[in-house]
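1. Have a look at this fold, sequence not included:
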């Protein structure tokens, strides 16, 4: 890849990862050279949700501001990452064979593992927002960007686990856009939280992506759109947890 259609790539990334009213043309089926823009989508999602929460916080709404911030975040993304987390939890721990796990993940119904995963992660996220929103709101933006850089990395590293689905249709990026996504995410985080926290955040999201990738490889032989969504949620939560721990010292 020698050049970027920057604005076209941004539109494609936003159209895929959000429910913002953005129309985009996807010229080549299975080509994901535009995956480099995923962290910028994280910047948009994180920025809008934090701004909404901060405005309401300044109006004296207290904890309700956190709820609104989380609602805005979910509305912007259409809860696609959370949906992936729930499906992955149901499939990985509800099936005994790769084929059965994939079958469960494809089912639109949510099971016990998925419900538990969603409840626990939202409680976790609520606690982290409560700890970070007032003192260090930009950590929320940094984590949103860093966690989305794991998506092209995992798409590049793991094969498709099935021959259908959103991930298969979208395709697999080469190492080039995946590496650029990582650099952009690090640059965004650097501007938000500084060099030390950025270094730690990059390490945390990288390790979390590797861990989820290894589990996915063992459970279903590769990645799916659900696995990618779960990876983003896990990476963001762990990154925010570390940021909160740094802030507490």
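-> Yes, it's here. Worth saying up front: this structure is predicted, and the values here are computed from it rather than measured.

2. show me where this protein has helices.
-> 6-17, 38-58, 63-77, 80-94, 98-106, 112-132, 138-148, 150-157, 166-170, 175-193, 195-220, 225-248 (DSSP state H).

3. Least confident of those helices, on average?
-> Among the helices of the chain, helix 166-170 carries the lowest mean pLDDT, at a mean of 65.

4. which of the helices of the chain is buried the deepest?
-> Highest mean neighbour count among these (mean count of other Cβ atoms under 10 Å): helix 138-148, with a mean of 28. Backbone N, C-alpha and C define where each C-beta goes, glycine included.

5. other SSEs contacting that one?
-> helix 38-58, helix 112-132, helix 175-193, helix 195-220, helix 225-248 (3 or more Cβ pairs under 8 Å, 6 or more residues apart in numbering; DSSP states H and E).

6. how far does the second one sit from the chain's center?
-> Okay, so that is helix 112-132. 15 Å (Cα atoms, centre = their mean, to the nearest Å).

7. hang on, the earlier thing: what would the helices of the chain look like in JSON lines with distance to residue 32?
-> Shown next, in JSON lines, are the helices of the chain (distance: least, Cβ to Cβ, whole Å):
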{"stretch": "helix 6-17", "distance to residue 32": "9"}
{"stretch": "helix 38-58", "distance to residue 32": "10"}
{"stretch": "helix 63-77", "distance to residue 32": "18"}
{"stretch": "helix 80-94", "distance to residue 32": "16"}
{"stretch": "helix 98-106", "distance to residue 32": "21"}
{"stretch": "helix 112-132", "distance to residue 32": "26"}
{"stretch": "helix 138-148", "distance to residue 32": "13"}
{"stretch": "helix 150-157", "distance to residue 32": "7"}
{"stretch": "helix 166-170", "distance to residue 32": "6"}
{"stretch": "helix 175-193", "distance to residue 32": "7"}
{"stretch": "helix 195-220", "distance to residue 32": "17"}
{"stretch": "helix 225-248", "distance to residue 32": "12"}
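
8. In TSV: the helices and strands packed on helix 138-148, plus distance to residue 26.
-> Output for those, formatted as TSV (distance: least, Cβ to Cβ, whole Å):
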stretch	distance to residue 26
helix 38-58	15
helix 112-132	29
helix 175-193	15
helix 195-220	25
helix 225-248	15
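
9. how much space between residue 118 and residue 35?
-> 26 Å (Cβ to Cβ, to the nearest Å).

10. What of residue 116?
-> 31 Å.

11. Over to residue 19?
-> Distance of residue 19 to residue 35, given as Cβ to Cβ: 19 Å.

12. Give me the more crowded residue out of these two.
-> Between residue 19 and residue 35, residue 35 has the larger neighbour count (other Cβ atoms under 10 Å), namely 29 against 14.

13. surely that one meets residue 153?
-> No - Residue 35 is beyond contact range of residue 153, at 9.3 Å (criterion: Cβ atoms under 8 Å).

14. Chain neighbours aside, what residue packs nearest to residue 148?
-> residue 42 (3.9 Å; Cβ to Cβ, 6 or more residues apart in numbering).

15. circling back: overlap of the contact sets of residue 35 and residue 153?
-> 178, 181 (Cβ atoms under 8 Å, 6 or more residues apart in numbering).

16. quick one: pLDDT of residue 165?
-> The per-residue pLDDT of residue 165 was computed as 59.

17. no wait, residue 1
-> 41.

18. need the contact list for residue 122.
-> residue 70.

19. Identify the residue spatially nearest to residue 56, adjacent ones excluded.
-> Nearest to residue 56 is residue 65, by Cβ to Cβ, 6+ apart, at 3.8 Å.

20. ok, now residue 57?
-> Per Cβ to Cβ, 6+ apart, closest to residue 57 is residue 65, 4.0 Å.

21. if I look at that neighbour, how far off is residue 195?
-> 30 Å.
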